[in-house]
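Participant: got a predicted model here, sequence first, then my questions.
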Amino acid sequence: MLIAPAAESENAHYKVHSEAESSAQMTVFCDLDGPIVDVSDRYYTTYKQGLADTQEVYLSRGINLNLEILSKQQFWQMKQNRVPDTEIAKSSGLGGEEIPVFLACVSRIVNQPDLLHLDRIQPGVQWAIALLHSRGVRLVLVTLRPKNQAVQILQNYGLARLFTSICGTQMTDAAYHNYTALKTELLAEVAEEYQSSLGCAWMIGDTEADILAGQALGIPTIAVTCGIRSRHQLQQYQPSFILSDLIIAVHHLLGFKRCL
């Protein structure tokens with residue numbers, strides 16, 4: 001059963017006409033950050049800028065913080081293993097009231113337009129998406145990012161036209177906080193549009209929000225390890241498959257010839 005869509009996700013679709021729209025036998029719902037876009041540089045830059053902004057706040061009070069900046073590898077491993085941001089702050093030398101100041105700085109800047117240029121398309125994604133489209137697969141993007149950002153980055157790489165629908169939010173920080181309930185509502189809303197012609201459907205993502213959203217709607221899930229969760233973390237949610245990236249996922253999906 002599909003759950004009722006959230007009011008804040010109304011009109012969150014950017015429709016793109018596609019030859020596959022009317023004839024696709026397989027529908028692939030795909031997350032943006034992780035499977036398609038590498039956000040690790042932006043998140044790490046945000047972390048470092050958050051520390052710098054926190055230092056500046058305390059220097060204005062005459063206090064010099066003894067910060068220990070994590071390497072990108074250390075930081076990303078902690079993110080992939082769901083280490084809370086409070087613990088990341090502690091590992092960086094912050095404590096007490098300094099931590100909420102840091103968290104507020106990060107939340108404020110993580111999705112700012114001047115940092116979005118740090119996002120990069122994952123290797124091979126353009127080829128993988130084009131291959132699915134060429135096989136008549138209906139592609140639907142379901143992201144917690146603001147829909148205008150999702151449309152823009154896909155247009156930058158010539159991919160927007162390959163998606164039947166692009167579904168996003170109106171919240172600037174939803175993707176960073178990875179709200180599972182909102183992801184489920186978005187997926188339910190867009191899946192309901194195609195319920196009469198879904199046939200064979202899959203959900204591809206890189207976090208527990210993607211897995212749980214697909215499971216809530218009875219859609220098999222493919223979790224990829226090229227995003228912000230480690231294999232160990234993903235295994236706990238028992239997706240249908242855990243694969244390394246979108247290229248491998250596409251090869252896997254095209255093996256289901258009964259759907260194509």
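Facilitator: Great, that's in hand.
Participant: any buried residues in the host helix or strand of residue 223, and which?
Facilitator: Using DSSP states H and E, residue 223 maps to strand 221-224. For strand 221-224, the neighbour count (16 or more other CB atoms under 10 Å) marks 221, 222, 223, 224 as buried. Yep, even glycine has a C-beta here, placed from its N, CA and C like the rest.
Participant: what packs against the following helix or strand past that strand?
Facilitator: Past strand 221-224, further along toward the C-terminus, the next helix or strand under DSSP H and E is helix 231-235. Secondary-structure packing of helix 231-235 (3 or more CB pairs under 8 Å, 6 or more residues apart in numbering; DSSP states H and E): helix 208-216, strand 241-243.
Participant: tell me the phi and psi of the closest residue to residue 210 other than its chain neighbours?
Facilitator: Taking CB to CB, 6 or more residues apart in numbering, and ignoring the residues beside it in sequence, residue 210 has residue 31 as its nearest neighbour in space, at 5.1 Å. Per-residue torsions, residue 31: phi -70, psi 160 (degrees, to the nearest 10).
Participant: all helices of the protein, in order?
Facilitator: 40-59, 72-80, 85-91, 98-109, 125-134, 147-156, 174-177, 180-193, 208-216, 231-235, 246-253 (DSSP state H).
Participant: for residue 200, which of the ones you listed is the nearest?
Facilitator: Minimum separation from residue 200 across the helices of the chain (CB to CB) falls at helix 246-253, 9.0 Å.
Participant: how far does that closest one sit from its chain's centre?
Facilitator: Centroid displacement of helix 246-253 relative to its chain, using CA atoms, centre = their mean, to the nearest Å, is 17 Å.
Participant: please point out which parts of that helix sit buried.
Facilitator: Using 16+ other CB under 10 Å as the test for burial, helix 246-253 gives 246, 247, 248, 249, 250, 253.
Participant: can you pick out the most distant pair from the residues you listed?
Facilitator: Those two in these that are separated most widely, counting by CB to CB, are 247 and 253, at 11.0 Å.
Participant: quick check: closest non-adjacent residue to residue 101.
Facilitator: Excluding the flanking residues, the one nearest residue 101 by CB to CB, 6+ apart is residue 54, at 5.1 Å.
Participant: what about that neighbour, neighbour count?
Facilitator: Residue 54 has 24 neighbours, counted by other CB atoms under 10 Å.
Participant: same check, this time on residue 87
Facilitator: Residues lying near residue 87 (other CB under 10 Å) number 12.
Participant: for it, give me the pLDDT.
Facilitator: At residue 87, the pLDDT value in this model is 98.
Participant: same deal with residue 70?
Facilitator: 98.
Participant: cool, and residue 113?
Facilitator: For residue 113, pLDDT reads 84.
Participant: picking up where we left off before, what distance do you get for the residue nearest to residue 101 to residue 255?
Facilitator: In this view, residue 54 and residue 255 are 49 Å apart by CB to CB, to the nearest Å.
Participant: repeat that for residue 65.
Facilitator: Applying CB to CB to residue 65 and residue 255 gives a distance of 53 Å.
Participant: what does residue 48 give?
Facilitator: From residue 48 over to residue 255 the distance is 42 Å, taken as CB to CB.
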